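Chemist: Curious how this folds, go ahead:
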Amino acid sequence: MSGGGTGFSVCHLSERAQITSADRIRGWERGNFSDHPGSCMANSNEPTTLFVYGSLRDPDRREEIVGRQVATIPATLSDYEPGRARYYFIRPRKGVSTSGLLLLNLTTDNLRALDRYEEVPRLYTREKAEVSDKNGNRVRCWMYMPTASTLRGEE
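Modeler: Have a look, this model is predicted:
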């Protein structure tokens, strides 16, 4: 699931869609993201979404990292199982789902702060993915994938 050449277009949250999760989903628009393997930044400063499954589910931790409260909606990643060595991780496994949250309305600066927290590229890489919201709608977003050292529980 490398970012290079995946063909995914990551969704953006419209600033007008702030009331319900259904309104938020309907308000998403496609954005322009680089498919270069080394790039995981948006090409603009428009808001983006990120699927989280570990420590970033904690609202206090997110606020500490990003510097503000972040709107979320429940989401599920299919065919991946969650695990934990020293850090949380996910790995491919058919028929298994990982529950998490979509962080909404993130800016490029927010994503940079989250990348620093996740120690990209040492512990994780940020890659494009597709998840389902609580109503079963498919949503394209970013997610953090573990590196080999994270899977082995190394620091």
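Chemist: helix or strand right after the lengthiest strand in the chain?
Modeler: For the chain, the strand with the greatest residue count under DSSP state E is strand 88-106. For strand 88-106, the following helix or strand on the C-terminal side (DSSP states H and E) is helix 108-117.
Chemist: List the strands paired with the helix or strand following that following helix, with their directions.
Modeler: Once helix 108-117 ends, the next helix or strand along the chain (criterion: DSSP H and E) is strand 124-133. Using DSSP bridges, the neighbouring strands of strand 124-133 in the sheet come out as strand 72-84 (antiparallel), strand 138-146 (antiparallel).
Chemist: Ok, which of those strands comes nearest residue 66?
Modeler: Between residue 66 and these, the tightest spacing by CB to CB is seen for strand 72-84, at 11.8 Å. In short, each C-beta sits where N, CA and C put it, glycine included.
Chemist: What's the mean pLDDT across that closest one?
Modeler: For strand 72-84, mean pLDDT rounds to 97.
Chemist: Now do the buried residues in that strand.
Modeler: 72-73, 75-77, 80, 82-83 (16 or more other CB atoms under 10 Å).
Chemist: Tell me the one of the residues you listed nearest residue 109?
Modeler: residue 72 (18.4 Å).
Chemist: Tell me where the chain is predicted with low confidence.
Modeler: In the predicted model, the chain carries pLDDT under 70 at residues 1-47, 155.
Chemist: returning to that earlier point: then the longest strand of the chain to PDB, C-alphas only?
Modeler: Extracted C-alpha coordinates of strand 88-106, given in PDB (Å, rounded to 0.1, in the frame of the first residue of the first chain):
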ATOM      1  CA  TYR A  88       0.300   0.500  18.300                       C
ATOM      2  CA  PHE A  89       0.400  -0.900  14.700                       C
ATOM      3  CA  ILE A  90      -1.800  -2.400  12.100                       C
ATOM      4  CA  ARG A  91      -1.000  -5.100   9.600                       C
ATOM      5  CA  PRO A  92      -2.800  -6.700   6.700                       C
ATOM      6  CA  ARG A  93      -5.100  -9.600   7.600                       C
ATOM      7  CA  LYS A  94      -8.100 -10.700   5.400                       C
ATOM      8  CA  GLY A  95     -11.400 -10.700   7.100                       C
ATOM      9  CA  VAL A  96     -10.300  -8.600  10.100                       C
ATOM     10  CA  SER A  97     -11.300  -5.000  10.700                       C
ATOM     11  CA  THR A  98      -9.700  -2.300  12.800                       C
ATOM     12  CA  SER A  99     -11.900   0.300  14.500                       C
ATOM     13  CA  GLY A 100     -10.600   3.900  14.800                       C
ATOM     14  CA  LEU A 101     -11.500   7.500  14.200                       C
ATOM     15  CA  LEU A 102     -11.300   9.800  11.200                       C
ATOM     16  CA  LEU A 103      -9.700  13.100  12.300                       C
ATOM     17  CA  LEU A 104     -11.400  15.800  10.300                       C
ATOM     18  CA  ASN A 105     -10.400  19.200   9.000                       C
ATOM     19  CA  LEU A 106      -6.600  18.800   9.500                       C
END
